[in-house]
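[1] need a 3D model of the following:
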Amino acid sequence: MTVDVVIEAPDWETLKLEQLAARAETATLRHLGLDPDDFETAVLGCDDARIAVLNADFRDKPTPTNVLSWPSEERASEFAGERPDPPEAGELGDIAIAVETCRREAAEAGRPVEDHVTHLVVHGVLHLLGFDHIDDADAELMESLEVEILATLGLPDPY
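    The predicted structure follows:
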């Protein structure tokens, strides 16, 4: 598995984003029966200002958000609530994650920021694999997978 991490916001250095991202991606891929050694992902550790620009450029929402993802190809299932077909190998895509938003959300939830970051990376990797939460059936599937994956890491249900 290759997780290329680019740090733009210095606060990510103290949170060890590279290790958190690798751990979260490995757990996600293994849980879905995929070999982590077969896949590549890029993760950008940025601040709220940078993610607000990305959110505006790609989603027409000029505000900060916690995590964004860009799959290398469309992998969504044709039917709501159905798992997408797993990729064979290669580049999954890119994830951006904002440190201030992560810290704020973790504090509001009374959770360690490292646990929240791990959850958001799992969430982002699931998006890269074609999972989504646009409708209720897809959201139920994706959230249940997140809970299962986080449990394999010893982390509580974030919902």
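
[2] state the distance from residue 80 to residue 29.
    24 Å (Cβ to Cβ, to the nearest Å). The C-beta positions use only the backbone N, C-alpha and C, and glycine is treated the same way.

[3] comparing these two, which shows the higher neighbour count?
    residue 29 (23 against 15; other Cβ atoms under 10 Å).

[4] for the more buried one, which residues are in contact?
    Counting by Cβ atoms under 8 Å, 6 or more residues apart in numbering, residue 29 touches 1, 35, 36, 39, 125.

[5] just flag the most distant two among those.
    35 and 125 (14.1 Å; Cβ to Cβ).

[6] the two: which has the busier surroundings?
    Set side by side, residue 35 and residue 125 show more neighbours around residue 125, with 27 against 10, by other Cβ under 10 Å.

[7] pretty sure residue 150 is in a helix, no?
    Yes: if the criterion is DSSP: H, G, I helix; E, B strand; the rest coil, then residue 150 is within a helix.

[8] what about it, how many residues nearby?
    Neighbourhood size, residue 150 [other Cβ under 10 Å]: 23.

[9] same check on the one 4 residues further on?
    Around residue 154 sit 7 other residues, with neighbours defined as other Cβ under 10 Å.

[10] for this protein, which segments count as helices?
    11-15, 17-31, 48-59, 99-109, 113-128, 136-152 (DSSP state H).

[11] can you get me a residue count around the nearest residue to residue 50 once chain neighbours are set aside?
    Distances taken as Cβ to Cβ, 6 or more residues apart in numbering place residue 8 nearest to residue 50, at 6.0 Å, with adjacent residues excluded. By other Cβ under 10 Å, 15 other residues sit near residue 8.
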